[in-house]
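> Sequence first, then the predicted structure, then my questions.
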Amino acid sequence: MNEPIIAGFHPDPSICRVGDRYYLATSSFEYLPGVPVFTSTDLVNWELLGNALDRPSQLATQPGVGGASGGVYAPTLRHHDGLFWLVTTNIHEVARGHLIVHSKGPEGPWSEPAHVPGLIGIDPDLFWDESGVCHLTWSDVMNGGISSASIDPFTGAVLSTPTHLWNGTGGAHAEGPHLYSRDGWYYLLVAEGGTGAGHMVTVARSRSLEGPFEPDPANPILTHRSTAQPVQATGHADLVELSDGSWALVHLGVRPRGSFPRWHTNGRETFLAGIDWSDGWPVVVEDRFEPPTTTRDFVDTFTAPRLHPRWVSPAVHPAAFAHPGDGGLALEAGRDPESAAAERMLATRVEDMHWSASLDGVGDVALSVRIDDAHQAIVERIGDRVRARIVIGPLDQVLATATVASTSGSLLLRSIPFEAAPGARKGPDLLVLGRTDESGAERELCSIDGRYLSTEVAGGFTGRMLGMEALGDDAMITRFSYATPAHDKDER
């Protein structure tokens, strides 16, 4: 499937089933609240339920460029003995150990975290054997490869000496492990090759949880390396058994665009494939499912008592500064207008290849599309001026300014196809920064090559976010809209 089931910056998917309903969690890195949790009945169309780590006692991340792509690395979501379990690693506190929370329902509230001491690494997995013993398996950065130990998930206590399971097939960075049991075998699914062009999914099996694990002769069972596929960097997968006994696999991938070497802008997204079993090994069937049909357009006037769970913030919990109410969203004062470092930014993920976003509010406000503080394009209204600003590393420049007769107009951002002259380099898209005037007509301020806000330029593990801020003083946001052009919907 070339269309993601969960679009935008939603990497490292982990999935489980309870009855006829599926639940899925993804990484969130520096954004709070952390670890979005989704539900579906058909594996294709998903609804965001909330975020598992929604309070400071569960998760703290770091601000600024130094905190970008830190925080929550890959989670694992499981259901066992009437409880939902989620385990992950906060890379800012890796020495404390992996953190585990549990809940009676996927929407929460989730428990305070139990930390697992001493098992240093990333990408933890939880697996309960036939005796009910819980095993934590992780990418062991101290010893290399994949290791496992039995634990008490309620307390984090380690109950056995860690066992080395497998080094993978020889690809770089054996990580993202998940354990399963089927027909008397224990299967170990692993990501290798790094979460880039060489990414792949490999699998091994054993009759014993301690190993030895023998690799599938057909490894890798999923990779798009060295192909012309529109989805690249496929890897970091998780398996789920369906209620009818068939199986499926979720995995991450990216959608690069433009001229060589191409750029991806929305981060690593979640995709779906089918699974057949042949000679006791899983075989990936990528075209088994039809693409999703749900629209990703939305309008938010912020009159509900609580923020929709799509809204997150880098390193600050939104409840600390963003307050919805009858008049809209009251934003407490954020960064100084001359600063580029987000202090109280409310953000949501860009989920489409082309899109438009608009912001209405009272006061000095900003609407931005960003990857981090050092890679962002911003429309700012300060008094009677609206300006378009670009930040690319050390470059911070105002590209256009307009004086406005009214402070009630909209700030606009748009991603449109990049039209290049024959033979010219072509970016992934063109970013248009603008406003509406007193008559409601749209006025473009400037346009920017979208490659400057891509992962290939910015680096890191996230993707584009749409952010809004109050500049220097409190402000009120009355409306935010996000929409995809009709022709893009028709292509889905």
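Looks like it arrived, so ask away. Residues are numbered from 1 along each chain as shown.

> Pull up the gap between the closest residue to Gly196 other than its chain neighbours and His10, please.
Using Cβ to Cβ, 6 or more residues apart in numbering and skipping the chain neighbours, the partner closest in space to Gly196 is Ala233 (5.5 Å). (C-beta placed from N, C-alpha, C; glycine too.) Here the criterion is Cβ to Cβ, to the nearest Å. By it, Ala233 lies 14 Å from His10.

> Now for the two: what residues contact both?
Contact criterion Cβ atoms under 8 Å, 6 or more residues apart in numbering; residues shared by Ala233 and His10: Arg268.

> Report pLDDT for the residue nearest to Gly196.
Looking at Ala233, its pLDDT is 97.

> Helix or strand: which one has it?
strand 232-241 (DSSP states H and E).

> hmm, back to that, the residue nearest to Gly196: what's it in contact with?
With Cβ under 8 Å, 6+ apart, Ala233 has these contacts: 195-197, 199, 224, 252-254, 268.

> One more: Asp238?
Each residue near Asp238 by Cβ under 8 Å, 6+ apart is listed here: 13-15, 76, 178, 189, 249-251.

> swap in Arg55?
Neighbouring residues of Arg55 by Cβ under 8 Å, 6+ apart: 33, 317.

> sorry, back to before: is it possible to get CSV of the contacts of Ala233 that adds pLDDT and neighbour count?
What follows is the contacts of Ala233, written out as CSV (pLDDT from 0 to 100; neighbours: other Cβ atoms under 10 Å):
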residue, pLDDT, neighbour count
Thr195, 94, 20
Gly196, 93, 16
Ala197, 94, 15
His199, 97, 30
His224, 97, 20
Leu252, 98, 28
Gly253, 98, 25
Val254, 98, 28
Arg268, 98, 31
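
> Any chance of a markdown table for those, columns secondary structure and distance to Gly19?
Output for the contacts of Ala233, formatted as a markdown table (DSSP: H, G, I helix; E, B strand; the rest coil; distance: Cβ to Cβ, whole Å):
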| residue | secondary structure | distance to Gly19 |
| --- | --- | --- |
| Thr195 | coil | 32 |
| Gly196 | coil | 37 |
| Ala197 | coil | 39 |
| His199 | coil | 32 |
| His224 | coil | 33 |
| Leu252 | strand | 26 |
| Gly253 | strand | 28 |
| Val254 | strand | 33 |
| Arg268 | coil | 29 |
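
> Which of the three states applies to Val457?
Three-state assignment for Val457 (DSSP: H, G, I helix; E, B strand; the rest coil): helix.

> Could you check the pLDDT of it?
97.

> Tell me, how many residues neighbour it?
Neighbourhood size, Val457 [other Cβ atoms under 10 Å]: 16.

> swap in Arg435?
The local packing of Arg435 (other Cβ under 10 Å) involves 23 other residues.

> got the contact list for the helix or strand harbouring it?
With secondary structure defined by DSSP H and E, Arg435 is part of strand 430-436. Residues outside strand 430-436 that contact it (Cβ under 8 Å, 6+ apart): 358, 369, 377-379, 381, 386, 388, 399-400, 402, 404, 409-419, 442-450, 453.

> Now find how far off-centre stretch 171-182 is within its chain.
For stretch 171-182, the distance from its own C-alpha centre to the chain's C-alpha centre is 20 Å (Cα atoms, centre = their mean, to the nearest Å).

> Could I have the CA atoms of that stretch written out in CSV?
Only the C-alpha atoms of stretch 171-182 are listed here, as CSV (Å, rounded to 0.1, in the frame of the first residue of the first chain):
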residue,chain,number,x,y,z
GLY,A,171,22.5,-5.0,8.8
ALA,A,172,23.3,-2.0,10.8
HIS,A,173,21.4,-1.2,14.0
ALA,A,174,19.5,-4.3,14.9
GLU,A,175,16.5,-2.7,16.8
GLY,A,176,12.7,-2.5,17.1
PRO,A,177,12.4,-6.2,18.4
HIS,A,178,9.0,-7.8,18.9
LEU,A,179,8.4,-11.4,20.2
TYR,A,180,5.5,-13.6,19.2
SER,A,181,4.5,-17.3,19.7
ARG,A,182,2.8,-19.4,16.9
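
> returning to what we had before: how about the strand holding Ala233: buried residues?
Neighbour counts using 16 or more other Cβ atoms under 10 Å place 232-240 of strand 232-241 among the buried residues.

> From the centre of this structure, point out the most distant residue.
Ala405 (39.6 Å; Cα atoms, centre = their mean).

> My read is that that one contacts Glu438, right?
Yes - using Cβ atoms under 8 Å, Ala405 is in contact with Glu438, at 5.0 Å.

> ends of stretch 208-224, how far apart?
31 Å (Cα to Cα, to the nearest Å).

> hmm, I was thinking of stretch 119-136
Its start and end residues considered, stretch 119-136 measures 9 Å (Cα to Cα).

> just how off-centre is whatever helix or strand Cys446 lives in within its chain?
Here Cys446 sits within strand 442-449, counting by DSSP H and E. Relative to the chain's own centre, strand 442-449 is displaced by 28 Å; criterion: Cα atoms, centre = their mean.

> for stretch 152-165, same thing?
Counting by Cα atoms, centre = their mean, stretch 152-165 comes out at 28 Å from the chain centroid.

> C-alpha coordinates for that stretch, PDB please?
The C-alpha coordinates for stretch 152-165 follow below in PDB (Å, rounded to 0.1, in the frame of the first residue of the first chain):
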ATOM      1  CA  ASP A 152       7.700  -7.500  36.800                       C
ATOM      2  CA  PRO A 153       5.800  -5.000  34.600                       C
ATOM      3  CA  PHE A 154       4.100  -3.400  37.600                       C
ATOM      4  CA  THR A 155       7.300  -2.500  39.400                       C
ATOM      5  CA  GLY A 156      10.000  -2.700  36.700                       C
ATOM      6  CA  ALA A 157      12.000  -5.200  38.700                       C
ATOM      7  CA  VAL A 158      14.300  -7.400  36.600                       C
ATOM      8  CA  LEU A 159      13.800 -11.000  37.500                       C
ATOM      9  CA  SER A 160      16.400 -12.800  35.400                       C
ATOM     10  CA  THR A 161      19.800 -12.400  34.000                       C
ATOM     11  CA  PRO A 162      19.600 -10.900  30.500                       C
ATOM     12  CA  THR A 163      19.900 -13.300  27.600                       C
ATOM     13  CA  HIS A 164      21.300 -12.300  24.200                       C
ATOM     14  CA  LEU A 165      18.900 -13.500  21.500                       C
END
